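**Q** fold the following, please.
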Amino acid sequence: MFTMETAPDGRVLLRRPDDAPPAPVRATAMVFEDPASRALLRRMEQLAPTDADVLIIGETGTGKELVARHLHDCSGRRHRPFIAVNCGAIAETLVESELFGHEKGAFTGALSAKAGWFEAADGGTLFLDEIGDLPPAQQVKLLRVLQEREVVRVGSRRSIPVDVRVITATNVKLEEAVRTGRFRQDLYYRIKVGSLILPPLRDRPGDVLPLVDHFLTLYGRRLGRRAVRLAPDAVQALLDHDWPGNIRELENVVHTALVTAAGDMLTRADVQLSLPVDARTEQPCVAAALRGSFNALFEADVPDLFGRVTDALVRSAYEYCGGNQVQAAKMLGISRNVLRGHLARLGMIPARNR
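**A** Numbering: from 1, shown residues only. Alright, predicted model coming up:
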């Protein structure tokens with residue numbers, strides 16, 4: 001079993017049984033202050049050292065990939081590859097080739113042989129995010145790979161043994177998908193040898209302020225603002241919020257506040273929280289919802305206010321969408337090309353060569 005330690009900077013550390021250096025638990029995934037998080041940690045301690053395939057269940061923004069990485073880092077496979085694949089981001093016609101590889105000439109455009117993600121993760125861990133988006137035809141092939149521990153590339157008849165621990169994740173109810181025939185029951189039970197349920201942030205309020213402290217330190221260091229504190233009204237607002245976007249939303253709120261706030265004390269006006277669903281229907285004007293924050297910025301006489309607010313909005317939308325440019329552009333109501341230009345100027349993506 002692992003033992004917990006607290007580092008000088010406040011991070012929770014797990015000591016491995018082999019007395020190797022402790023592995024830091026990234027607070028962006030979880031902190032262990034709330035009882036629900038402590039229960040999650042105990043379950044992780046049981047699963048991490050094994051080779052059991054694990055299904056991680058949690059809402060968007062709860063840190064499923066970071067939990068998967070932590071399981072890998074605390075296992076005997078930690079010195080081997082960890083590869084994360086978003087099943088929902090792969091075109092249906094390319095899923096089989098991406099996961100299992102292909103031979104030269106297997107299809108139009110296959111100019112050379114290519115190993116799939118299973119082969120690339122050999123000896124390590126393969127994390128399949130949004131497993132519920134996997135097409136039915138590929139679910140059958142994934143089940144065979146998990147049972148036989150070997151892959152057959154597209155265009156080949158030769159099986160290739162693979163030694164891979166598979167961790168999957170979903171933010172949908174797979175039981176419902178099984179009942180409606182959208183997800184194979186046998187595959188569901190195969191990937192759920194072990195399971196972890198990540199509680200949403202609203203169900204572990206004891207983690208809110210520790211996470212806020214973490215992000216204040218993280219982004220304060222990046223922005224050169226190391227002495228920023230929270231006013232009591234800001235603390236209360238953060239505790240009262242239900243965090244529909246979970247940890248990802250909290251991270252963006254803190255980051256935006258540090259970018260736009262003028263002083264070293266973050267007040268309620270600096271903390272830009274999303275409106276509850278019922279409040280959104282009553283308040284159709286976005287400007288009205290943000291007026292308090294804007295007024296505080298106007299009074300502070302922030303230089304280049306338009307540019308800084310625009311940069312913070314673009315950055316937050318991109319991070320909130322997990323780096324998905326199409327979703328971020330749609331959320332902001334701009335074209336993807338406009339978004340790409342802005343992200344390139346911010347240094348968040350490489351600039352295109354003309």
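
**Q** so R78 versus R308, what's the distance?
**A** R78 sits 40 Å away from R308, going by C-beta to C-beta, to the nearest Å. Every C-beta, even on glycine, is put in place using the N, C-alpha and C of the backbone.

**Q** show me which of those two is the more surrounded one.
**A** R78 (17 against 14; other C-beta atoms under 10 Å).

**Q** mind listing the strands in the stretch 151-300 of the chain by residue range?
**A** Secondary structure of the stretch 151-300 of the chain by DSSP state E, counting those that start in this stretch: the strands cover 159-161, 165-170, 194-197, 229-230, 265-266.

**Q** just the ones you listed: most buried one?
**A** strand 165-170 (a mean of 26; mean count of other C-beta atoms under 10 Å).

**Q** what's that strand packed up against?
**A** Packed against strand 165-170, as judged by 3 or more C-beta pairs under 8 Å, 6 or more residues apart in numbering; DSSP states H and E, are the following elements: strand 54-57, helix 64-73, strand 125-129.

**Q** next one: it to chain centre, how far?
**A** 14 Å (C-alpha atoms, centre = their mean, to the nearest Å).

**Q** so what strands line up beside it?
**A** strand 54-57 (parallel), strand 125-129 (parallel) (DSSP bridges).

**Q** what residues sit buried inside the helix or strand following the longest one?
**A** When you say that, I think you mean strand 125-129. Going down the chain from strand 125-129, the next helix or strand is helix 136-148, by DSSP states H and E. By neighbour count with 16 or more other C-beta atoms under 10 Å, helix 136-148 contains the buried residues Q138, Q139, K141, L142, L143, V145, L146.

**Q** need the contact list for the nearest residue to R336 once chain neighbours are set aside.
**A** Nearest non-adjacent residue to R336, counting by C-beta to C-beta, 6 or more residues apart in numbering: A329, 4.5 Å away. Taking C-beta atoms under 8 Å, 6 or more residues apart in numbering, we find A329 in contact with S335, R336, V338, L339.

**Q** residues in contact with stretch 83-102: which ones?
**A** Outside stretch 83-102, the residues touching it (C-beta under 8 Å, 6+ apart) are 65, 68-69, 106-107, 110, 113-121, 124-135, 137-138, 141-142, 145, 151-156, 160, 324.

**Q** ok, the residue most central in space within the chain to F183 distance?
**A** Nearest to the mean C-alpha position of the chain, by C-alpha atoms, centre = their mean, lies G63 at 4.6 Å. For G63, the distance to F183 equals 23 Å [C-beta to C-beta].

**Q** where in the stretch 1-150 of the chain is pLDDT low?
**A** 1-30 (pLDDT under 70).

**Q** so where do the strands sit in it?
**A** Using DSSP E, counting those that start in this stretch, strands in the stretch 1-150 of the chain cover 3-6, 12-15, 23-24, 54-57, 82-86, 125-129, 150-152.

**Q** how close does the nearest residue to L187 once chain neighbours are set aside get to Q185?
**A** Setting aside the residues directly before and after it, L187 is nearest to L143 in space (C-beta to C-beta, 6+ apart), at 4.6 Å. As judged by C-beta to C-beta, L143 and Q185 stand 10 Å apart.

**Q** what's the answer for L198, then?
**A** In terms of C-beta to C-beta, L198 sits 23 Å off from Q185.
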